[in-house]
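Colleague: Model the following, please.
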Amino acid sequence: MNPQNLLERIRDTRARMAAAAARCGRSVDSVTLLAVSKGQPAEVVAAAAAAGLTEFGESYLQEALAKQDTLAAATALRWHFIGRLQANKTRAVAERFAWVHAVDRLRIAQRLSEQRPYHAEPLNVCLQVNIAAEQSKAGAAPEEVPELVRSMATLPRLKLRGLMCIPPEESDPERQRMWFAKLRRLQEALNTQGAGLDTLSMGMSADLEAAVLEGSTCVRIGTALFGPRP
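Modeller: The predicted structure follows:
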C-alpha cells in the first residue's frame, strides 16, 4: 500500500470517529482505533505503526505470530486476538497477546487464565455475545452472559474488560444502532450488579459511527484503513 494512501485512510477514519463522538458529546479519546491487520503483510503493519497506530487485531494465529516476530523491535505495539479461538491454540494467544476479544465459552477463558505467564499482566478479555442469535456466528447467548461474567471474573490471570459483538450487516444506520444498543444495555445491566466492565468492542468499517453513538470504546477497523484484504 502507498504510504500516502495509508495516511489518508487513517486520517479519514479518525475524522469519522471524531465526528460520531462529537454528535453524542463524547471525547474521541474514549474510543480506541483497533487496526485489523489480518491478511496484511508485516511491512504494512510497520507503516501503520509509523503513522501512529499502536493497536493491531489479528484473527489467524500463525500469521499473527510471524508478524509479531518480524516486528518484535516495535515494543509499543499491542496485539489483540479477535478471531474465534480454538482450545488447542490458547497457549500461544495467552503468551503473546495483550487482549482477546472473542472469548465465547468458559472453558476457553479457563485455559487462557491457566496458560497466561505469571510474569505478564493479566490478559484483557472481552466476552463475545451473539447479539442477534445468528447460527452462523459464535458468541454466548445474551441470557448466558450474566453467569459467564460471574465465572470469568474469578479467573486469576484474566481481566474481564467487557463485551464484544459482530451484529448482522445492516445498511440502515438506525438498525445498526439497534444492535449496538442491545449490547450496551446488557453491559449496563451487568454493571448495576457490580461487574465493573469498561469496554464495548463493537463497530467495524461500515458501521463505526453507529457503534460510537451507542457507546463503543473500541472500533475494529480493517477495510477502511487497508482496503480489501489481499
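
Colleague: Who's the closest spatial neighbour of Lys67, skipping the chain neighbours?
Modeller: Closest residue to Lys67 apart from its sequence neighbours, by C-beta to C-beta, 6 or more residues apart in numbering: Ala42 at 4.7 Å. C-beta coordinates here come from the backbone N, C-alpha and C atoms, glycine included.

Colleague: what's the one you found in contact with, if anything?
Modeller: 66-67, 70-71 (C-beta atoms under 8 Å, 6 or more residues apart in numbering).

Colleague: Show the residue spans covered by the strands in the protein.
Modeller: 32-36, 55-58, 78-81, 99-103, 123-128, 158-164, 199-201, 218-221 (DSSP state E).

Colleague: Would you format the ones you listed as CSV with mean neighbour count, mean pLDDT and distance to Lys137 included?
Modeller: As requested, the strands of the chain are arranged in CSV below (neighbours: other C-beta atoms under 10 Å; pLDDT from 0 to 100; distance: least, C-beta to C-beta, whole Å):
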stretch, mean neighbour count, mean pLDDT, distance to Lys137
strand 32-36, 22, 98, 17
strand 55-58, 22, 98, 17
strand 78-81, 22, 98, 17
strand 99-103, 26, 97, 10
strand 123-128, 25, 98, 9
strand 158-164, 23, 98, 11
strand 199-201, 25, 98, 14
strand 218-221, 25, 98, 15
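
Colleague: closest one to Leu190 among these?
Modeller: In terms of C-beta to C-beta, the element of the strands of the chain nearest to Leu190 is strand 158-164, at 8.0 Å.

Colleague: Give me the packing partners of the closest one, helices and strands only.
Modeller: Under the contact definition 3 or more C-beta pairs under 8 Å, 6 or more residues apart in numbering; DSSP states H and E, strand 158-164 sits against strand 99-103, helix 106-115, strand 123-128, helix 145-152, helix 173-192, strand 199-201.
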